[in-house]
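Undergrad: Below: sequence and its predicted model.
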Amino acid sequence: MTRAKTPGTKPAKARAGSGSSVEAGFELYRKGDFKGALEIWRPLAEAGDPSAQAWLGSAYANGEGVALDDVRAFQWYLRSAEGGNAQAQANVGAFYLMAKGVAKNEAEGVRWLESAAAQGDDHAAFNLAVLYTKGQGVKEDKAKAAALYRQAAERGHYPSQARLGHAFANGVGVEKNRIEAFTWLSLAGQHGIGTALQELEAVVKLMSIEEKQAALKAFETLRARLASETGPSRLPIRLGG
């Protein structure tokens, strides 16, 4: 699952908000001036700005400009999550599930991931899919897992594309479909997901000439659509799986 990476890895960075002051902090952060960014974000966070709170949580989670502190990271992520920030909600869910800065609570973890996924957070959708695949904190439901992977995959989330391709290649939660498998594994593979490339090779060996032709056409069509609709994907905070 994604801590919006496997347990013990860093959480995904909070995204910059729309407010000019938060953006000013982001510009300093982007230049590597973490302390300067925090001088802008901290008063905003303390005043209740969810985006600044998420960035402050990210700073503590990654030890950028402050000492690494998972407890404080969780506290700031939680305040941001309660204010409606979807990525902070995804990170709160991951922290609960991994007992990172807070006691483990699978029910709360799932609740926050569901809230973030409902807002379109790809990392949360990926993490939920992992939980449904394993039956961790929820009843095992591989069909729902595949649907969640598709939700994120169709927005350009590379790890989800790889998992969706695997699902179609092996009939996990969906009917086997080599054309779909080829399409999603190819998309993930072109962005460096090594396991997707390995599985793609195995799928291609089983395909007929007609299937390959159809798959290449489907791949090019989907790749063009995603290129026009989505921005760059960020790797998630994985919970494992």
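TA: That came in fine, so what should we check first? Numbering: from 1, shown residues only.
Undergrad: What are the contacting residues of the longest helix seen in the chain?
TA: For the chain, the longest helix by residue count, based on DSSP state H, is helix 209-229. Helix 209-229 is contacted by residues 154-156, 178-180, 182-183, 186-187, 190, 204, 207 when judged by CB atoms under 8 Å, 6 or more residues apart in numbering. C-betas here are computed from N, CA, C, even on glycine.
Undergrad: which residues touch residue 77?
TA: Applying CB under 8 Å, 6+ apart, we find residue 77 in contact with 11, 53, 54, 57, 61, 88, 91, 92, 95.
Undergrad: picking up where we left off before, who wins on neighbours among the contacts of helix 209-229?
TA: With neighbours defined as other CB atoms under 10 Å, the most crowded of the contacts of helix 209-229 is residue 183; it has 27 neighbours.
Undergrad: Would you confirm that that residue contacts residue 164?
TA: No: taking contacts as CB atoms under 8 Å, residue 183 lies outside contact range of residue 164: 9.2 Å.
Undergrad: Show me the helices in the chain, by range?
TA: 20-30, 34-46, 50-62, 70-82, 86-98, 106-118, 122-134, 142-153, 158-170, 178-189, 194-206, 209-229.
Undergrad: ok, and which of those has the densest surroundings?
TA: Burial of those is given as mean neighbour count (mean count of other CB atoms under 10 Å); helix 86-98 ranks first at a mean of 30.
Undergrad: mean confidence score for that one?
TA: This predicted structure assigns helix 86-98 an average pLDDT of 97.
Undergrad: what does stretch 54-64 give?
TA: Mean pLDDT, stretch 54-64: 96.
Undergrad: Geometric centre of the protein: which residue is closest?
TA: Nearest residue to the geometric centre of the chain (CA atoms, centre = their mean): residue 123, 1.8 Å.
Undergrad: Run through this protein and note the low-pLDDT ranges.
TA: 1-19, 230-241 (pLDDT under 70).
Undergrad: which one of the contacts of helix 209-229 sits closest to residue 168?
TA: residue 180 (4.1 Å; CB to CB).
Undergrad: Name the nearest residue to the closest one, ignoring sequence neighbours.
TA: residue 168 (4.1 Å; CB to CB, 6 or more residues apart in numbering).
Undergrad: Now residue 110. Nearest residue, chain neighbours left out?
TA: Closest residue to residue 110 apart from its sequence neighbours, by CB to CB, 6+ apart: residue 137 at 4.8 Å.
Undergrad: Please apply the same query to residue 148.
TA: Excluding the flanking residues, the one nearest residue 148 by CB to CB, 6+ apart is residue 129, at 3.8 Å.
Undergrad: quick one: the one you found from residue 146, how far?
TA: Remark: distance between residue 129 and residue 146 (CB to CB, to the nearest Å) = 8 Å.
Undergrad: what do you get for residue 135?
TA: 15 Å.
Undergrad: swap in residue 169?
TA: 12 Å.
Undergrad: Equivalent analysis for residue 110, please.
TA: Look at residue 110 and residue 146: by CB to CB, they are 18 Å apart.
Undergrad: hmm, back to that, alpha carbons only: can I get the longest helix of the chain in CSV?
TA: C-alpha atoms of helix 209-229 as CSV (Å, rounded to 0.1, in the frame of the first residue of the first chain):
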residue,chain,number,x,y,z
ILE,A,209,-0.7,-11.0,-34.2
GLU,A,210,-4.3,-9.6,-34.1
GLU,A,211,-4.1,-9.0,-30.4
LYS,A,212,-0.8,-7.2,-30.7
GLN,A,213,-2.2,-4.9,-33.4
ALA,A,214,-5.3,-4.1,-31.3
ALA,A,215,-3.2,-3.7,-28.2
LEU,A,216,-0.8,-1.2,-29.9
LYS,A,217,-3.7,0.8,-31.1
ALA,A,218,-5.3,0.9,-27.7
PHE,A,219,-2.0,1.8,-26.1
GLU,A,220,-1.4,4.7,-28.4
THR,A,221,-4.9,6.0,-28.0
LEU,A,222,-4.8,5.9,-24.2
ARG,A,223,-1.3,7.3,-24.0
ALA,A,224,-2.4,10.3,-26.1
ARG,A,225,-5.4,10.9,-24.0
LEU,A,226,-3.6,10.7,-20.7
ALA,A,227,-0.8,13.0,-22.0
SER,A,228,-3.5,15.7,-22.7
GLU,A,229,-5.5,15.2,-19.5
